[in-house]
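> task: produce atomic coordinates for the following.
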Amino acid sequence: MGGDDTWSSALHRLWQAASRAEEVSALADDVYAPLLATTGVHLVVGTRWEDRQILRYMRALAAGSDSPVITATSRSVPEAAVREPGDEPVVTRIPVAALDDAGWPEAELLRRTPGATFVVCTFRLDHRGWASLGVGVDASADVAAVEGRLAQAVDVIVACHTGILQRGREARRGADDALLAEASLQMDSSLDVEETLRRVARIAVPAVAEGALVHLLRSEGPEFVAATHVSVQQRRALEEIGRENPWLAALLARRGEDEDTVFLSGPELDGSPFADTAEATDATDATDASDASDASDASHGDGDGARPGAAGGDRHSTVISVSTLRARGRVVGSITFVYQRPEARLPSSAFLRSLATRAALSIDNALLYELRRHAVLSLQEHLLPSQLPVTDQWDLSASYEVGDPMLDVGGDFYDAVTRPDGSIALLIGDVCGRGAEAAALTGLARHTLRTLLEQGTDPGTALSRLNRALRQERASRFLTAVVTTLAPRADGTALLTTCSAGHPSPLVLRSDGTVSEVLTGGLLLGVLDDVSYESHEELIGPDDTVVLFTDGLTESREAGGAFFESILPVRLAALRGFDAAHIAESLTQQAKAYRASGQDDIALLVARWTGVPPGADLLPHPLQLVRTAR
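Residues are numbered from 1 along each chain as shown. Next up is the predicted model:
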């Protein structure tokens, strides 16, 4: 047989090639040629087997031949079950004449060569398959030495395969970590529940699976929220399955609070909408067999241990997984992935658990935010008047926009009340800060002023008495406010009487389009004892409009640093001729669109004088109440 020095040199080159190889098939030339150069060896042949005796391919190189014979296939060979190795490689010698074609696909090639004995080493590569490497030898061969060389070559092949798997696991972990990080960023970027759920589905396809369905757990059971698929047609089918399919509904109900991810495939999907959706082998999968040119080729899986998938050799049957979405000790929903890919490309259970945990936290955060938002808006609604009076003399409207993204209840308030003398009083104010304490002070201020003004108290006295009440209550926060009374006169004008406690001055939009500021002054409320407030009077004519607002409007700031206050008169003048509701809503939306910074609430109260003379009914007409804009 060939010299030991020659084989040692070949084995050294084989180890060097193995350290650089990205695929085990790259070792083919370094394995086959030295073995074929061994004395008495006429044929080198290898086979690669998948689980359940599926022959993936066979490669053979005969003496005197320049190119190997490669048979790429994926066929079942049940009789090969007796050849499947355990954990350790097994070397066997068997006469070629004794080989049964039913279990030995190499037999046909061996019978064409002079070798009378087949020496073969069978070894396991991973949990999904095994391989064999053998030689046909004649009587001149040192069979014991040949067996040793086969064992040494297999050691290199297995070591190379193990290294490739390890590098693949590391690369996959890196890719998984990157995907999980990106998924967290995407899911955490929205606090809207349904948008978060849709993002959960979109992020996973196609990186994790071909399709995804997300359900939210409600008191009455799972509620379908989102679905996506790489195919638009199948996405629509998934949406219908998510909404109406009883099989899936029953599966999700049975899962309950089970935290483990479950995979279902094959017979487990019988009776389900996924049972008959096996996909044809795609182009990338079809190249697996043709590219795998050696019995020593490794599986391209990540080697993370047994993972449920398509049964047998049909690697492209539909597989589904269901993961429970649990956050902070409670189940918030579930995510169902639909796979139409080879088993080797299925994600690990650990990865799915991590993704489900992150998704659950994002969904739970959105749910908690939604609950808080509802509670805050409900509280805010009760701190403001639900209705404004409607009279023939005044067109009234208001607008309130919550500006804090964290949704602490704000301290802005407004109201409008009719008075015993037939006039109407408008009030608006702003408590320093946010939260429960600010809300309590807001309620106290609005109801105190409303009660006093309804009784006919003049604006200055009403503000002084509110200041006294705040000092007596030892309020820890100050507030600003402005009160305006509007009294119709016989000549068609109206007397505007305004009193301010450190609040932004109201604006008057005249019927000719000019805008003027109501000059006011006065100390903040709740700071000093025994404070008095002076009133300012002026007349307004028919179709003149009075606009009261909080500083959330004027302090909205654009990216360049300019405040909305600088353009407010121009924007207001452009609204000449519109009713109060349009003016209030338009100014609010313009300020929102204008500001790049500033998160204060915006409150506006708008009153347009119609010019109806005294003597008309100034009390609210039955059922004539206008709801304020929120």
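
> for residue 205, which non-adjacent residue is closest in space?
Nearest non-adjacent residue to residue 205, counting by CB to CB, 6 or more residues apart in numbering: residue 228, 5.0 Å away. C-beta coordinates here come from the backbone N, C-alpha and C atoms, glycine included.

> for the one you found, give me the pLDDT.
In this model, residue 228 is scored at 87, pLDDT.

> again, but for residue 59
We have a pLDDT of 93 for residue 59.

> assign it to helix, strand or coil.
strand (DSSP: H, G, I helix; E, B strand; the rest coil).

> count of neighbours near residue 373?
15 (other CB atoms under 10 Å).

> which strands or helices does the helix or strand containing it pack on?
Element membership for residue 373 (DSSP states H and E) is helix 349-383. With contacts defined as 3 or more CB pairs under 8 Å, 6 or more residues apart in numbering; DSSP states H and E, helix 349-383 has these neighbours: helix 143-188, helix 193-204, strand 319-327, strand 330-339, helix 436-454.

> and if we set it to 6 Å?
If contacts are counted by 3 or more CB pairs under 6 Å, 6 or more residues apart in numbering; DSSP states H and E, helix 349-383 sits against helix 143-188, helix 193-204, strand 319-327, strand 330-339.

> now do the buried residues in whichever helix or strand comes after that helix.
Using DSSP H and E, the helix or strand that follows helix 349-383 towards the C-terminus is strand 387-389. Of the residues in strand 387-389, 388, 389 count as buried by neighbour count, 16 or more other CB atoms under 10 Å.

> kindly export stretch 365-381 (C-alpha atoms) in CSV.
Only the C-alpha atoms of stretch 365-381 are listed here, as CSV (Å, rounded to 0.1, in the frame of the first residue of the first chain):
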residue,chain,number,x,y,z
ASN,A,365,-46.6,48.5,28.0
ALA,A,366,-49.0,49.6,25.2
LEU,A,367,-52.0,48.1,27.1
LEU,A,368,-51.0,49.8,30.3
TYR,A,369,-50.5,53.1,28.5
GLU,A,370,-53.9,52.7,26.9
LEU,A,371,-55.5,52.1,30.3
ARG,A,372,-53.7,55.1,31.8
ARG,A,373,-54.6,57.2,28.8
HIS,A,374,-58.2,56.3,29.2
ALA,A,375,-58.1,57.0,32.9
VAL,A,376,-56.4,60.4,32.5
LEU,A,377,-58.7,61.5,29.7
SER,A,378,-61.7,60.5,31.7
LEU,A,379,-60.4,62.5,34.7
GLN,A,380,-59.5,65.4,32.5
GLU,A,381,-63.0,65.3,31.0
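
> quick one: mean pLDDT for that stretch?
Stretch 365-381 shows a mean pLDDT of 73.

> report the distance from it to the chain centre.
Centre-to-centre, stretch 365-381 and its host chain are 21 Å apart (CA atoms, centre = their mean, to the nearest Å).

> do stretch 217-236 as well
14 Å.

> so what touches that stretch?
Outside of stretch 217-236, the residues within contact range by CB atoms under 6 Å, 6 or more residues apart in numbering are 197-198, 201-202, 205-206, 210-216, 238-239, 242-243, 252, 331-333.

> coming back round to it: nearest to residue 593, out of the helices and strands packed on helix 349-383?
With CB to CB as the criterion, residue 593 lies closest to helix 193-204 of the helices and strands packed on helix 349-383, at 21.3 Å.

> what domains does the record give for the protein?
Domain assignment for the chain by automatic domain parsing gives 4-166, 189-295+307-375, 384-627.

> ranges for the helices of this structure?
Along the chain, counting by DSSP state H, helices occupy 4-20, 28-36, 107-110, 143-188, 193-204, 232-244, 246-255, 283-291, 349-383, 436-454, 459-472, 551-554, 568-573, 580-594.

> for residue 540, which of those is the nearest?
Nearest to residue 540, of all the helices of the chain, is helix 580-594, at 13.7 Å by CB to CB.

> chain center to the closest one: distance?
For helix 580-594, the separation from the chain centroid amounts to 33 Å (computed by CA atoms, centre = their mean).

> and for stretch 423-439?
From the chain centre to the centre of stretch 423-439 is a distance of 38 Å (CA atoms, centre = their mean).

> and that stretch, average pLDDT?
Average pLDDT, stretch 423-439: 87.

> need the contact partners of it.
Here stretch 423-439 makes contact (CB under 6 Å, 6+ apart) with 394, 408-419, 441-442, 445, 449, 453, 477-487, 548, 550, 605, 607.
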